[in-house]
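K.L.:
what follows is a predicted protein model with its sequence.
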Amino acid sequence: MSYILSAAGSTNPVLTLASGVTGDLDIPYLQDVTINNANDTFTWSQLDQSAKLQVATTATNSISGNIVVDPTTFFGDGTSTAGSAAALGLIGLSTEKTEVSFSINIGAKTVSGVGYVTGLAPAVSADSPVWVTPITISVSGEYTIA
């Protein structure tokens, strides 16, 4: 069983993004995270079978979650190296369609890969008086598990 290290001041972030330029972006205030692996299937019927046959094909992989919006993480840190994930922030990575490397710490294992930040939709309401946004990383290719 894996546990998230939720202790204050933990130096072991759950989700980290990086662009091709030095300057990682640790995602703070992560409320939840889901690692998706959805295999497509090819389905066909045969005259000698009473049920359809299926075979798994390529998968669509993605990371999704929800975060409380931190202005520096969302809009970028102007003091970081230009073009880095930290300088662009989540909104910059999304609008500029910057490929990111990601890593998710799951206790003793790390899931990593490359993809694109999508699905940002910051919202605020009377019941949730802080800005929150869903986030999706559309994964390009396979996950690496180490």
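P.N.:
Perfect, thanks for sending it. Values in this document were obtained by computation on a predicted structure and should not be read as measured data.

K.L.:
got a list of what Pro122 touches?
P.N.:
Contacts for Pro122 (CB atoms under 8 Å, 6 or more residues apart in numbering) come out as Val69, Phe74, Trp131, Val132, Thr133. No exception for glycine: its C-beta is placed from N, CA and C like everyone else's.

K.L.:
the first one: what's it in contact with?
P.N.:
The contact partners of Val69, taken as CB under 8 Å, 6+ apart, are Tyr29, Pro122, Val130, Trp131, Val132, Thr133.

K.L.:
state whether Gly89 is indeed within a strand.
P.N.:
No - Gly89 sits outside any strand when classified using DSSP: H, G, I helix; E, B strand; the rest coil, being helix.

K.L.:
re the thing from before, who wins on neighbours among the contacts of Val69?
P.N.:
For those, the largest number of neighbours (other CB atoms under 10 Å) sits with Thr133, at 18 neighbours.

K.L.:
adjacent strands (with direction) for the strand or helix carrying Asn39?
P.N.:
For Asn39, the host element (DSSP states H and E) is strand 30-44. If you go by DSSP bridges, strand 30-44 pairs up with strand 53-68 (antiparallel).

K.L.:
which parts of this protein are helices?
P.N.:
Secondary structure of the chain (DSSP state H): helices located at 71-75, 85-95.

K.L.:
just say which of the ones you listed is most tucked in.
P.N.:
Highest mean neighbour count of the helices of the chain: helix 85-95, a mean of 21 (counted as mean count of other CB atoms under 10 Å).

K.L.:
on that earlier part again, among the contacts of Pro122, which ones are in strands?
P.N.:
Under the assignment DSSP state E, the contacts of Pro122 contribute Val132, Thr133 to strands.

K.L.:
which two in the contacts of Pro122 are spaced the farthest apart?
P.N.:
Phe74 and Val132 (10.9 Å; CB to CB).

K.L.:
rewinding a little: and which of the contacts of Pro122 is nearest Thr57?
P.N.:
The closest of these to Thr57 turns out to be Thr133 (CB to CB; 32.0 Å).

K.L.:
please name the residues that touch that closest one.
P.N.:
Contacts of Thr133 by CB under 8 Å, 6+ apart are Asn66, Ile67, Val69, Phe74, Leu90, Leu120, Ala121, Pro122, Ala123.
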